[in-house]
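# sequence and predicted structure are below.
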Amino acid sequence: MRPPAESIGNLAVIVGAIALLIFVAVEGALVYVVWRYRASRTTTPALFEGHTRLEIAWTAIPALTLVVVFALMLGTLGEIGAALEPGMRVRAVGHQWWWEFTYGDVVTANEMHIPVGTAVEVDLLSADVNHSFWVPELGGKIDMIPGQTNHVRLLARRAGVYEGQCAEFCGVEHAWMRIRVVAEPADEFARWLAAQAAPAAAAATDGERVFMANTCVSCHAIRGTPATGRAGPDLTHVGARATIGAGVLPQGVADLREWLADPQRYKPGSLMPRVPLSGADLDAVAAYLAALR
Ligand code: CUA
């Protein structure tokens, strides 16, 4: 199985080489003519009107070039579509400005895990405006369009973290729509999925009490608690993710506290409002969220 990104990369190299060849030929001819006739005093160029053979040549050569590129592209499209038998399915929904990933009953955000060597079919949807799902090293760039489901297949040959990014301007925080794809061996992936499927560990801490007593619950879900909001990212295992706010801050108690104290400072325009909490409550909620692993 060849990763789609590799097929696309190969095509880009071939098409780039064709373009470079044309560029060198055309610019070379131009430089040659300028140099060759530098001493010429003529101010009117030679006219070729009615020169049928020349006209056919400069119409046919670009047209044939495009036919060749088109054929190469069709070949690549076929390779991407047919060669990968998906072994797994994930639903991805673009939101302003974060990603929701669903694996059956498991819902998570911004960080996607996939097993190495398994082709993953990703169903792409949007909750609001057009977004575009793009993890360059793993697959093609596909738009997420409200009311339509698109698909992309990802394949990672090696374990590692693959960075992605929303690739369609979707509002002020478009740049902070990072995707982190963690590709890991099948057994590690299975462990991750099982951990994600579990409800949040019972905490009964001050942080949990403050979270449940405030507006947090109307937008966020934490499975196993009364919080069932769906407008924002699912926080059941938020502490296990590497970043906060789709990449805007690293994970950790101190950064969670920073984020909670004033989300608009880090992600102006995002739907996460500033919830007026005391310093002690901020500490408690940050500690609670960081412990949701
Ligand atoms: Cu979402 Cu750009």
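Arrived safely.

# from here on, contacts and neighbour counts on C-alpha atoms
OK.

# per the record, what domains does the chain have?
4-81, 88-196, 206-290 (automatic domain parsing).

# now tabulate these in TSV and tack on mean pLDDT.
Output for those, formatted as TSV (pLDDT from 0 to 100):
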stretch	mean pLDDT
domain 4-81	89
domain 88-196	94
domain 206-290	91
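
# what's across from the residue of the stretch 1-150 of the chain found nearest the ligand in the sheet?
Closest approach between the stretch 1-150 of the chain and the ligand, counting by Cα to the nearest ligand atom: residue 131, at 4.1 Å. Beta-bridge partners for residue 131, by DSSP bridges, are residue 144.

# isn't it right up against residue 171?
No. The pair residue 131 / residue 171 is not scored as a contact, 9.7 Å apart, by Cα atoms under 8 Å.

# if you count surrounding residues, which of those two has more?
Neighbours around residue 131 and residue 171, counted as other Cα atoms under 10 Å, are more numerous at residue 131. The numbers are 30 against 14.

# how far away is that one from residue 95?
Distance, residue 131 to residue 95, by Cα to Cα, to the nearest Å: 8 Å.

# repeat that for residue 208.
Residue 208 is 26 Å from residue 95, by Cα to Cα.

# who touches the residue of the stretch 1-150 of the chain closest to the ligand in this structure?
Residue 131 makes contact with 94-95, 143-145, 166-170 under the criterion Cα atoms under 8 Å, 6 or more residues apart in numbering.

# also residue 36?
Residue 36 neighbours (Cα under 8 Å, 6+ apart): none.

# 10 Å - rerun?
Residue 36 sits next to residue 30 when contact means Cα atoms under 10 Å, 6 or more residues apart in numbering.

# excluding its backbone neighbours, what's nearest residue 251?
Spatial nearest neighbour of residue 251, excluding adjacent residues (Cα to Cα, 6 or more residues apart in numbering): residue 243 at 4.6 Å.

# hey, what's that neighbour bridged with?
residue 250.

# you'd agree it is up against residue 290?
No. Here residue 243 does not reach residue 290: they are 11.1 Å apart, not a contact under Cα atoms under 10 Å.

# which residues are in contact with both of those two?
Contacts common to residue 243 and residue 290, judged by Cα under 10 Å, 6+ apart, are 251-252, 255-256.

# filter those residues by proximity to the ligand?
When contact is defined as Cα under 6 Å from any ligand atom, the shared contacts of residue 243 and residue 290 do not meet the ligand at all.

# give me every residue in the stretch 101-250 of the chain lying close to the ligand.
Near the ligand, when you scan the stretch 101-250 of the chain using Cα under 6 Å from any ligand atom, you find 131, 166-170, 174, 177.

# repeat that with 5 Å
131, 166, 168-170, 174 (Cα under 5 Å from any ligand atom).

# restricted to strands, list those residues.
Among those, the ones falling in strands (DSSP state E) are residue 131.

# of the residues of the stretch 101-250 of the chain next to the ligand, buried ones?
131, 166, 168, 170, 174 (16 or more other Cα atoms under 10 Å).

# if I pick the third one, what's in contact with it?
Looking back up the chat, that one is residue 168. For residue 168, counting by Cα under 10 Å, 6+ apart, the contacting residues are 129-134, 141-144, 174-175.

# I'm done for today, thanks for sticking with me.
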